[in-house]
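Peer 1: sharing a model prediction with you, sequence too.
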Amino acid sequence: MPDTSACHQLDSGENSHQAIEPRIIYPGTPVVLITSTNPDGSANLAPMSSFWALGWTALLGLGRGGQTCGNLERTGECVINLPGPRLWQAVERLAPLSGKDPPPPHVRAYGGRFERDKFAAAGLAAISSDLVRPPRVRECDLQIEGRVVAIRPLEHEPDAAAVEVRVLRVHASQGILKADGRQVDPSRWHPLLYNFRRYHGLGAELGRSFREGR
């Protein structure tokens, strides 16, 4: 039998936990800017913070009624752009904007509006991608070109979808690379994080995984 005495001691001590119901669960997730192609051939740019990656597969959490999800369903292509902390204000300028006219009800509910040229509205620049049609965001130090593999509705979030993306190519600015020019240097790359609806950067390094360099 496992020894649970330490757990019982913690549960009954001053550091015990309590059940809560947060309005939304974003416990420090990376912010990304998704570029996709609109039906008229123009580029759509949208911020999101439901993103994770495993190997060369990325998973995006998107609202099904937005322009981005519609574009991905139609074209199967996107670029996942990762901004650093200095771009948080540009990200926030994008937050109330929609590429859909009229905007989805949830966007209108918080005062959002339609915007055709989101790059200009955010003060960002578009540059060509290598393998997909949507452009990259020049100011983002990491840019990931990808192709959609599957779009799945979420069972308990009917207005949202999980989008599986196969990574085709990764671009990194020279300023965040190691001396060999092949790998990202974690001491130079600092992603913008979304922490319970507030923007944060990384703190000081705490340690390194045993798998680093393998």
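Peer 2: Done, it's in.
Peer 1: for the residue lying closest to Ser173 once chain neighbours are set aside, give me the pLDDT.
Peer 2: Using C-beta to C-beta, 6 or more residues apart in numbering and skipping residues adjacent in sequence, the residue nearest Ser173 is Asp141, 4.4 Å away. Every residue, glycine included, has its C-beta placed from N, CA and C. pLDDT for Asp141: 97.
Peer 1: so for the one helix or strand Cys69 maps to, what's the average pLDDT?
Peer 2: Using DSSP states H and E, Cys69 maps to helix 67-75. What helix 67-75 shows for mean pLDDT is 96.
Peer 1: buried residues in that helix?
Peer 2: 67-72, 75 (16 or more other C-beta atoms under 10 Å).
Peer 1: quick one on the thing from earlier: so how far is Ala172 from the residue nearest to Ser173?
Peer 2: Per C-beta to C-beta, to the nearest Å, Asp141 is found 7 Å from Ala172.
Peer 1: of those two, who's got more company?
Peer 2: Comparing Asp141 with Ala172 by other C-beta atoms under 10 Å, the one with more neighbours is Asp141, at 23 against 20.
Peer 1: show me what contacts that one?
Peer 2: By C-beta atoms under 8 Å, 6 or more residues apart in numbering, Asp141 lies in contact with 82-84, 172-173, 175-176, 189.
Peer 1: sorry, back to before: who touches the helix holding Cys69?
Peer 2: Taking C-beta under 8 Å, 6+ apart as the rule, helix 67-75 contacts 34, 36-39, 44, 46, 48, 62-63, 78, 98-100, 133-134, 148, 151, 161, 163.
Peer 1: in strands only, show me these.
Peer 2: Under the assignment DSSP state E, those contribute 34, 36-37, 44, 46, 48, 62-63, 78, 98, 148, 151, 161, 163 to strands.
Peer 1: list just the nearest of the residues you listed to Val107.
Peer 2: Ser98 (4.7 Å; C-beta to C-beta).
Peer 1: what sits against the residue nearest the centre of the chain?
Peer 2: Among the residues of the chain, the one closest to the centroid is Val32, at 3.1 Å (C-alpha atoms, centre = their mean). Taking C-beta under 8 Å, 6+ apart, we find Val32 in contact with 47-49, 51, 60, 80-83.
Peer 1: rebuild these as CSV, extending it with neighbour count and pLDDT.
Peer 2: Converted to CSV, these look like this (neighbours: other C-beta atoms under 10 Å; pLDDT from 0 to 100):
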residue, neighbour count, pLDDT
Pro47, 22, 96
Met48, 21, 94
Ser49, 19, 91
Phe51, 21, 95
Leu60, 24, 97
Ile80, 26, 98
Asn81, 26, 98
Leu82, 20, 98
Pro83, 23, 97
